[in-house]
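> I would like the atomic coordinates for the input below:
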Amino acid sequence: MNSISYEEMIPVKSLQNYVKRFWKIRNLTSNEQLFTVLPDGYFDLVVTILNNKVINISLTGLYTKEFDVKVHANAIYLGISFYPIAVEYILEEKIADIVNQHRNLPLSFLSINEIKNINDLKIYAEILSLNFILRLEKHKNIDERREKLFTVLGQYKGVSSVSEISNELFWNSRQINRYFNKYFGISLKSYCNILKCKSSFIDIKKGILSPTLNYTDQAHFIKEVRKHTGTTPKILSKNKNDRFVQFSTKIL
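Predicted coordinates:
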């Protein structure tokens, strides 16, 4: 993809249960560009920078379907992809009411607009990482089941049932669903389906268009992929005009 540049940084070890990545996208052209982003099980904090100035900060909810984004001409976007558990213990911001949506935040949020050399991904990541570590230290009673829940979900790639997850964590399935609905606005099953679909993207990108996970059959696979992406595995694999940003970068 020659029209945009993409960079990412992996968080320090103490944040890796909460933050998936810090990332930076820059529009290298003088034209606005339109891309489609696919659901991946994370929620994001996105900072828009134009002429070295922060012009917008937004928080996304969890997405269950594809959504289109406009990348403004000559703009820089700094983002953080969070695991859902970060809602409670780092951001202290509710996202249950913004499923498939985003919320604009004050430019003073986390003092982001005061960061010097804001265009530098490394500086941005280092400053916010310190902030996040301090916020985690305030929570002396982090529920270990919640940390383990997302570890287990990541390991199973969404293919395990709610009852299997419940049994492994010794956590009642109704309680887990209440937790998901309260903080994220979707059920655990819905979240597992997102993870399972996302896991298939790597194969689709390679041109493998048959299910390798526990879909019932090819028809079920296509139906689930279409449900979350709005299109078929075949169209995703072709990625015409670099439409699907995760297929055009290393974000997968």
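
> how close does Asn74 sit to Asn117?
Separation of Asn74 from Asn117 (CB to CB, to the nearest Å): 18 Å. Quick note: C-beta positions are derived from backbone N, CA and C, even for glycine.

> Same check on His220?
49 Å.

> What strands flank the helix or strand harbouring Trp23, and is each parallel or antiparallel?
Using DSSP states H and E, Trp23 sits within strand 19-27. Paired neighbours of strand 19-27 in the sheet (DSSP bridges): strand 4-9 (antiparallel), strand 76-82 (antiparallel).

> Mind telling me which of those the model trusts least?
Of all the strands paired with strand 19-27, strand 4-9 carries the lowest average pLDDT, namely a mean of 92.

> Same question for it: list its buried residues.
Residues of strand 4-9 classed as buried by neighbour count (16 or more other CB atoms under 10 Å): Ile4, Glu8, Met9.

> Closest one of these to Leu91?
Closest approach between the buried residues of strand 4-9 and Leu91, by CB to CB: Met9, at 18.5 Å.

> what's the helix or strand for the nearest residue to Lys157 once chain neighbours are set aside?
Residue nearest to Lys157 in three dimensions, not counting chain neighbours: Ser199, with 4.1 Å by CB to CB, 6 or more residues apart in numbering. Following DSSP H and E, one finds Ser199 within helix 188-205.

> helices and strands around that helix, which ones?
helix 144-156, helix 162-169, helix 173-183, helix 218-229, helix 233-238, helix 245-248 (3 or more CB pairs under 8 Å, 6 or more residues apart in numbering; DSSP states H and E).

> relative orientation of it and helix 173-183 in degrees?
Angle between the axes of helix 188-205 and helix 173-183 is 80 degrees (criterion: axes from the mean of the first three to the mean of the last three CA atoms, to 10 degrees).

> Surely Glu32 touches His72?
Yes: with contact defined as CB atoms under 8 Å, Glu32 reaches His72; the gap is 5.6 Å.

> So for the two, which residue has more residues nearby?
Between Glu32 and His72, His72 has the larger neighbour count (other CB atoms under 10 Å), namely 16 against 12.

> and the gap between that one and Gln218?
Distance of His72 to Gln218, given as CB to CB: 40 Å.

> returning to what we had before: Serialize the strands paired with strand 19-27 to TSV and add fields for distance to Leu91.
Shown next, in TSV, are the strands paired with strand 19-27 (distance: least, CB to CB, whole Å):
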stretch	distance to Leu91
strand 4-9	19
strand 76-82	7
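
> ok, and the closest non-adjacent residue to Asn119?
Computed as CB to CB, 6+ apart, the closest residue to Asn119 that is not its neighbour in sequence is Ile76, at 5.8 Å.

> That neighbour: neighbouring residues, count only.
With other CB under 10 Å as criterion, Ile76 counts 21.

> Run through the bridge partners of it.
Arg26, Ile49.

> ok, it touching Ile49?
Yes: with contacts counted by CB under 8 Å, Ile76 reaches Ile49, the gap being 4.3 Å.

> Spit out the residues that contact these two alike.
Asn119 (CB atoms under 8 Å, 6 or more residues apart in numbering).

> Point out where this protein drops to low pLDDT.
1-2, 250-252 (pLDDT under 70).

> got the domain boundaries for it?
The record's domain parsing of the chain by automatic domain parsing lists 4-138, 144-248.

> how much space between the nearest residue to Ile115 once chain neighbours are set aside and Lys138?
Distances taken as CB to CB, 6+ apart put Ile127 closest to Ile115, at 5.6 Å, once the chain neighbours are dropped. Taking CB to CB as the measure, Ile127 falls 18 Å from Lys138.

> Same question for Leu50.
34 Å.
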